[in-house]
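Peer 1: Sequence and predicted structure below; questions after.
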Amino acid sequence: MSSAPVLRVKDLTTRFYTSQGAVTAVDGVSFSVGRGETLGLVGESGSGKSVTAMSIIRLVSPPGRIESGSVELNGTELLSLDEEAMRRHRGTSAGMVFQNPMTALNPVFAVGWQMREALRAHGRDGEDADAIIRKALADVGMPDPLRQAASFPHQMSGGMRQRVVIAMGMLNDPQLLIADEPTTALDVTIQAQVLDLMKKLIHDHGTALLLITHNMGVIAKMCDRVLVMYAGEIVEEAPVEQLFADSRHPYTRGLLRSIPRADQPRGKLLTLPGSPPDMSELPPGCRFRNRCSYAQERCSTHPSLLAVAPGHLARCWVTQDGGRLDAAEGSKRAGAGALAGAGHAG
């Protein structure tokens, strides 16, 4: 993995302006991804994960607006580019794998035609497009690529459609691939196959991968580092093994404890109490305070994201002051269960 980041995001803020007021979906988010690294972005629905991804490649539509920050891809500041220049970067510098392969593909055109259009959009239609398409489909494990290229999306299974979407994301050999919940619509067996495929492609091409998911098993299987997002901001960042073994934010601890385990009593599923805050009226202080069993008076002041161990950041007054979260052994067992079962649960 190269020491120079492929992607560097700094103080990214995105808001949606509605009749009920401004909704801060992404609030001062900063991170980087290195060449060949897989960075996981995890959190509940509505935490801001997908909006972060859409902001990076500037696909946020009105009433959404990127308010401030910096998104630097291979040294190019994306937020300052005009739309035509940004369009050239999408698919070449940065590829995207969307959540639902059926909606990501146009049902009225053959797969090969759609892949050819992706090449044409970036000036590669003069090359041997058929050979490029066949190789891309073969690389994602599609049998008989020539026949599959002539097929329509509805003639394929969900797993095959997702392989096509991944092939299209990698078609122009991007330096960064963003995958937003790439296995959610698939059954668990196909999920594991698709994850193994993505891991191989990232390794073979040296591509940086930003993987967005709510599934901690997928995080354990795929990622080198993890960002935990809550209420529009990063609340914890750590190497994956360190996060599972010794999480330093109560929200992360809650996510880990909610992973189903074989030693868990039947019918017993641990959940996070309460609900995330209203993003149009964010509370003062720690945004997790009303759901947190460790909350103290100091939590009425908003914490910064600070180092709590080498390479480990957390937005929590308790752990920043050297305190420890209880039930550490339970969290470790949850993490170990996810690591052991990720190939099946992913």
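Peer 2: Great, that's in hand.
Peer 1: quick one, strands of the protein?
Peer 2: 5-18, 21-34, 38-42, 64-73, 76-77, 94-97, 176-180, 208-213, 225-230, 233-239, 306-309, 312-314 (DSSP state E).
Peer 1: can I get those in TSV with mean neighbour count, distance to residue 156 and mean pLDDT?
Peer 2: For the C-beta atoms, the positions are set from N, CA and C on the backbone; glycine is no exception. Compiled in TSV, the strands of the chain are given as follows (neighbours: other C-beta atoms under 10 Å; distance: least, C-beta to C-beta, whole Å; pLDDT from 0 to 100):
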stretch	mean neighbour count	distance to residue 156	mean pLDDT
strand 5-18	19	31	97
strand 21-34	20	31	96
strand 38-42	25	26	97
strand 64-73	17	31	97
strand 76-77	12	35	96
strand 94-97	25	16	92
strand 176-180	24	19	95
strand 208-213	26	23	95
strand 225-230	25	32	98
strand 233-239	23	37	98
strand 306-309	14	46	96
strand 312-314	22	42	98
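Peer 1: is it possible to export those strands to a markdown table including distance to residue 149?
Peer 2: Below are those laid out as a markdown table (distance: least, C-beta to C-beta, whole Å):
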| stretch | distance to residue 149 |
| --- | --- |
| strand 5-18 | 30 |
| strand 21-34 | 31 |
| strand 38-42 | 29 |
| strand 64-73 | 30 |
| strand 76-77 | 32 |
| strand 94-97 | 19 |
| strand 176-180 | 21 |
| strand 208-213 | 25 |
| strand 225-230 | 36 |
| strand 233-239 | 40 |
| strand 306-309 | 49 |
| strand 312-314 | 45 |
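Peer 1: out of the ones you listed, nearest to residue 51?
Peer 2: Proximity to residue 51 (C-beta to C-beta) singles out strand 21-34 among the strands of the chain, at 4.2 Å.
Peer 1: what's next to the closest one, contact-wise?
Peer 2: By C-beta atoms under 8 Å, 6 or more residues apart in numbering, the residues outside strand 21-34 that reach it are 1-17, 39, 48, 51-52, 55, 64, 69, 176, 208-210, 227, 229, 231-234, 237, 279-282.
Peer 1: Just the CA trace of that strand, in PDB.
Peer 2: The C-alpha coordinates for strand 21-34 follow below in PDB (Å, rounded to 0.1, in the frame of the first residue of the first chain):
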ATOM      1  CA  GLY A  21     -35.100  23.600   7.400                       C
ATOM      2  CA  ALA A  22     -31.500  22.600   6.600                       C
ATOM      3  CA  VAL A  23     -30.500  19.000   7.200                       C
ATOM      4  CA  THR A  24     -26.800  18.500   7.800                       C
ATOM      5  CA  ALA A  25     -26.200  15.000   6.300                       C
ATOM      6  CA  VAL A  26     -22.400  15.200   6.400                       C
ATOM      7  CA  ASP A  27     -20.700  17.400   8.900                       C
ATOM      8  CA  GLY A  28     -17.000  18.100   8.800                       C
ATOM      9  CA  VAL A  29     -15.900  14.600   7.700                       C
ATOM     10  CA  SER A  30     -12.200  14.000   7.100                       C
ATOM     11  CA  PHE A  31     -10.300  10.800   6.100                       C
ATOM     12  CA  SER A  32      -7.900   9.300   3.500                       C
ATOM     13  CA  VAL A  33      -7.600   6.100   1.500                       C
ATOM     14  CA  GLY A  34      -4.300   4.700   0.300                       C
END
